[in-house]
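*Asks:* coords below, sequence missing:
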């Protein structure tokens, strides 16, 4: 195994030799890096400057507008889910660029972004090879493949304290490069898995773009796909913000809805999986780790990558500010028909409306996700216990004629006991009790 310190010293010596006019051998430095140094020098890049002024840098309003319209912005939630959620506290930055190397998004901790300010690795700056010299996003775009650039392999001296790995993202329709995904940091980015992780995320991003069947070139030209407008990720520095309240409806039969004031699409239909995730996150307000959510969504659990991809699609559909990370949790106030049932049960005074609102159970009855099944069992038992304890005849009648309580022997006995002597319904209760005794052998 190569000694990292020895390799770094060898590359640094090769870099100094190159700047003095000596072409280093392929044994001293990788060919892809040496060729990039040569192109950087030919482009007139100053190795003593981290990121010089570039005429392609935009004004802030121009940049915000350009970034919001760029195709790669659509996959930001997916990248956040697959990468940022796991490395947010590691000191590593995740960046998305356009096709010329302009940094559209730089995500990471405030401390890491402040350090990166020192080399002008900031949103809006251009990190193409012909501007900054050898660096991972610029080199990946230049050679159209994933690359890793470690420490002294950078052409710019001030950047050589950093390491990075990047890979290009392609338009699934035309095959053209639309940008790159990059991770930048210290020694943690020098490991081979860093580039492997980036390539894996790029593959997921390109699959997601392909599944949307959207011609990204057409979007650039101003055409828009039909259907509801997608939720736009929050852009720092803009004054547009979505209301911090929403409503979730999951107790109807076969239809799950999301309503949020200010949403251009109005109410949105939800997939069963997204409705399940929202119900679970509302039921666990302190949040759920990826592994917890995976076990609640499938009997044998889901792969963490699948969970992150689902969260990404949810953020894309509803807005990137709805679900927070580490752990996953709702970051806005969400009211729901399920929450109203819980409130009525807690009050103990609105039991008939609670039974009516629960209905057949909607998503809770239709889902086989273990976490949702548990929620239905708990909700049903809480409601049943309240009804039997209250002895409210109207509630007992409603419960014993519902899909949830028609076979509830204890509820039928309680109703029989609460009806006055001689009431005609006592005979019905007695008959149902005998039937249940016979049917279930109780």
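*Replies:* Received, thanks. Nothing here was measured: the structure is a model prediction, and the numbers come from that model.

*Asks:* from here on, contacts and neighbour counts on C-alpha atoms
*Replies:* Fine.

*Asks:* hey, where'd the strands end up in this protein?
*Replies:* Using DSSP state E, the strands of the chain run over 93-97, 103-107, 147-150, 163-170, 177-185, 245-249, 257-259, 268-269, 323-324, 329-330, 333-336.

*Asks:* who does the fifth one pair up with?
*Replies:* Counting by DSSP bridges, the strands paired with strand 177-185 are strand 93-97 (antiparallel), strand 163-170 (antiparallel).

*Asks:* Between the ones you listed, which shows the greatest average number of neighbours?
*Replies:* Ranked by average neighbour count under the criterion mean count of other CA atoms under 10 Å, the strands paired with strand 177-185 are headed by strand 163-170 at a mean of 28.

*Asks:* what's the neighbour count on residue 174?
*Replies:* For residue 174, the neighbour count with other CA atoms under 10 Å is 10.

*Asks:* How about the one 10 residues further on?
*Replies:* Residue 184 sits with 30 neighbouring residues when counted by other CA under 10 Å.

*Asks:* which other residues reach stretch 429-442?
*Replies:* 407, 409, 412-413, 415-416 (CA atoms under 8 Å, 6 or more residues apart in numbering).

*Asks:* Of the residues you listed, which belong to helices?
*Replies:* Residues of the contacts of stretch 429-442 located in helices (DSSP state H): 409, 412-413, 415-416.

*Asks:* State the distance from the residue nearest the centre of the chain to residue 17.
*Replies:* In the chain, the C-alpha nearest the mean C-alpha coordinate belongs to residue 312, at 3.0 Å (CA atoms, centre = their mean). Distance of residue 312 to residue 17, computed by CA to CA, to the nearest Å: 47 Å.

*Asks:* so what's the residue lying closest to residue 161 once chain neighbours are set aside up against?
*Replies:* In this structure, residue 161 finds its nearest non-sequential neighbour in residue 151, 5.4 Å apart by CA to CA, 6 or more residues apart in numbering. Contact analysis of residue 151 by CA under 8 Å, 6+ apart lists 8, 159-163.

*Asks:* How about residue 201?
*Replies:* 79, 82-83.

*Asks:* hmm, back to that, and the residue nearest to the centre of the chain, how far is that from residue 204?
*Replies:* For residue 312, the distance to residue 204 - CA to CA - is 11 Å.

*Asks:* next one: residue 94
*Replies:* For residue 94, the distance to residue 204 equals 16 Å [CA to CA].

*Asks:* try residue 271
*Replies:* 20 Å.

*Asks:* now do residue 405
*Replies:* In terms of CA to CA, residue 405 sits 46 Å off from residue 204.

*Asks:* What of residue 141?
*Replies:* Relative to residue 204, and taking CA to CA, residue 141 is found at 18 Å.

*Asks:* Below-threshold pLDDT in this protein: ranges please.
*Replies:* Under the criterion pLDDT under 70, the flagged ranges of the chain are 1-4, 51-57, 85-89, 211-244, 261-266, 441-442.

*Asks:* try 50 this time
*Replies:* Scanning the chain for pLDDT under 50 picks out 1, 213-242.

*Asks:* how about the nearest residue to residue 141, chain neighbours excluded?
*Replies:* residue 168 (5.9 Å).

*Asks:* looking at it, that neighbour is touching residue 177, isn't it?
*Replies:* Yes. In terms of CA atoms under 8 Å, residue 168 counts as a neighbour of residue 177; the distance is 6.5 Å.

*Asks:* who touches both of these two?
*Replies:* Residues touching both residue 168 and residue 177 (CA under 8 Å, 6+ apart) are 141, 144.

*Asks:* close enough to count as contact, residue 287 and residue 331?
*Replies:* No. Using CA under 8 Å as the test, residue 287 is too far from residue 331 to be in contact (9.9 Å).

*Asks:* Out of the two, name the residue with the larger neighbour count.
*Replies:* Per other CA under 10 Å, whichever of residue 287 and residue 331 has more neighbours is residue 287, with 21 against 16.

*Asks:* and the closest residue to the more buried one other than its chain neighbours, what are its bridge partners?
*Replies:* With sequence-adjacent residues excluded and distances taken as CA to CA, 6+ apart, residue 287 is closest to residue 329, at 4.3 Å. Beta bridges link residue 329 to residue 324 when assigned by DSSP bridges.

*Asks:* Of residue 141 and residue 204, which one has the most company?
*Replies:* Taking neighbours as other CA under 10 Å, residue 141 and residue 204 compare with residue 141 leading, 26 against 18.

*Asks:* Look up how far residue 111 lies from the more buried one.
*Replies:* Relative to residue 111, residue 141 is positioned 28 Å away (CA to CA).

*Asks:* for residue 349, same thing?
*Replies:* 52 Å.

*Asks:* Looking at the two, which one has more neighbours?
*Replies:* Shown here are residue 349 and residue 111; by other CA under 10 Å, residue 349 has more neighbours (16 against 10).

*Asks:* which residues does the nearest residue to residue 176 once chain neighbours are set aside contact?
*Replies:* The spatially closest residue to residue 176, leaving aside those adjacent along the chain, is residue 170, at 5.3 Å (CA to CA, 6+ apart). Residues counted as contacts of residue 170 (CA under 8 Å, 6+ apart) are 176-179, 206.

*Asks:* Just give me the closest of the residues you listed to residue 360.
*Replies:* Among the contacts of residue 170, residue 206 lies closest to residue 360 (CA to CA), at 40.4 Å.

*Asks:* contacting residues for that closest one?
*Replies:* Residue 206 neighbours (CA under 8 Å, 6+ apart): 169-172.

*Asks:* and what of residue 327?
*Replies:* Counting by CA under 8 Å, 6+ apart, residue 327 touches 287-290.

*Asks:* Was I right to think residue 305 contacts residue 82?
*Replies:* Yes. Under the criterion of CA under 8 Å, residue 305 makes contact with residue 82 at 6.8 Å.

*Asks:* of the two, who's got more company?
*Replies:* Shown here are residue 305 and residue 82; by other CA under 10 Å, residue 82 has more neighbours (25 against 16).

*Asks:* separation between residue 376 and residue 421?
*Replies:* Going from residue 376 to residue 421 by CA to CA gives 36 Å.

*Asks:* Nice, that's everything, thank you.
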